[in-house]
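K.L.:
Just to be clear, the model below is a prediction. Sequence and coordinates:
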Amino acid sequence: MKHSFSRFVATALLAATCAVAAAATAPDALVRSVVEEVLGVIKQNNDQKTLRTLAEQKVLPYFDFNQMTQMAAGKAWRDATPEQKKALENGFRALLVNTYTSSLSRTSGGDKTVDVKPLPASAAKGEVLVKTIVRQAGRPPFAIDYRMEDASGDWKVVDVTIENVSLVANYRGTFASEISRSGIDGLIKALEAKNQGAARS
C-alpha cells in the first residue's frame, strides 16, 4: 500500500461521505453541506468502536464495492467463481473499514477542514469528478479527488485519488502480486488474515 494512501485514507473516506449522500443534489454541494457534521462527530469521538460505526453507517454505504473490487482484481475477476467474487468484495470492504478506523484514530482533530472545488460546467451527466483540498494545522494541504457514477439515481464512489495515487490502481498492483503468487484463493486468505490482524489491534 502506498504511504500516501495509508496516511490520508481516513480523511478521504470521511469527505466521501458527503459526496454521495443523495443523487438529487450536486455532489460538490453535498460535500460542502455534510462535511461539517462528520467532522463534528470525529472531533468528539476517538473510540475504535465508535469510529467503526461511523465508517459503516456514514461512509461505506456510498461506495460501489462490487465495481471497485472488480477493477482492482483486473482480469482475474473473470476467472473467479461467484463465491470467490463475493469473498473478494467482502475482504475489500473489511480492509477499508479497518484502514479507515485505525487511520482516523491517529489523525483525527478538530482543526481539519475540507475545501470543495465547484464542478465544472462540462461535468458529464452520470459521472463526475469531485475535487477537494484537505487542510489541517501543522501539515501541508493535500488533494483528494472522487470519481463517482450515478447509474440508477444513486451516486456511488468508484475510485478515490489522493495526491495523484488512485485507490483502485494501488490495490490492483497489490492484488495482482498476490494472485500471481498464490491464486485468487490466496488473495482471499491474505485479505482475511490482514483484516483479522487489524481487528485484534
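P.N.:
Perfect, thanks for sending it. Everything quoted here is computed from the prediction, not taken from an experiment.
K.L.:
Give me the buried positions along stretch 66-86.
P.N.:
66-73, 76-77, 80, 84-85 (16 or more other CB atoms under 10 Å). Glycine gets a C-beta too; all of them are placed from N, C-alpha and C.
K.L.:
okay if I get those as TSV plus secondary structure, distance to I179 and pLDDT?
P.N.:
Below are the buried residues of stretch 66-86 laid out as TSV (DSSP: H, G, I helix; E, B strand; the rest coil; distance: CB to CB, whole Å; pLDDT from 0 to 100):
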residue	secondary structure	distance to I179	pLDDT
N66	helix	18	92
Q67	helix	19	92
M68	helix	16	92
T69	helix	13	94
Q70	helix	14	94
M71	helix	14	94
A72	helix	11	93
A73	helix	8	94
A76	helix	5	93
W77	helix	10	95
A80	coil	10	96
Q84	helix	11	97
K85	helix	13	96
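K.L.:
Tell me the one of these nearest D145?
P.N.:
For those, the closest approach to D145 (CB to CB) belongs to M68, at 14.9 Å.
K.L.:
From L167, how far out is the closest one?
P.N.:
8 Å (CB to CB, to the nearest Å).
K.L.:
what is in contact with these two at once?
P.N.:
Common contact partners of M68 and L167 (CB atoms under 8 Å, 6 or more residues apart in numbering): D159.
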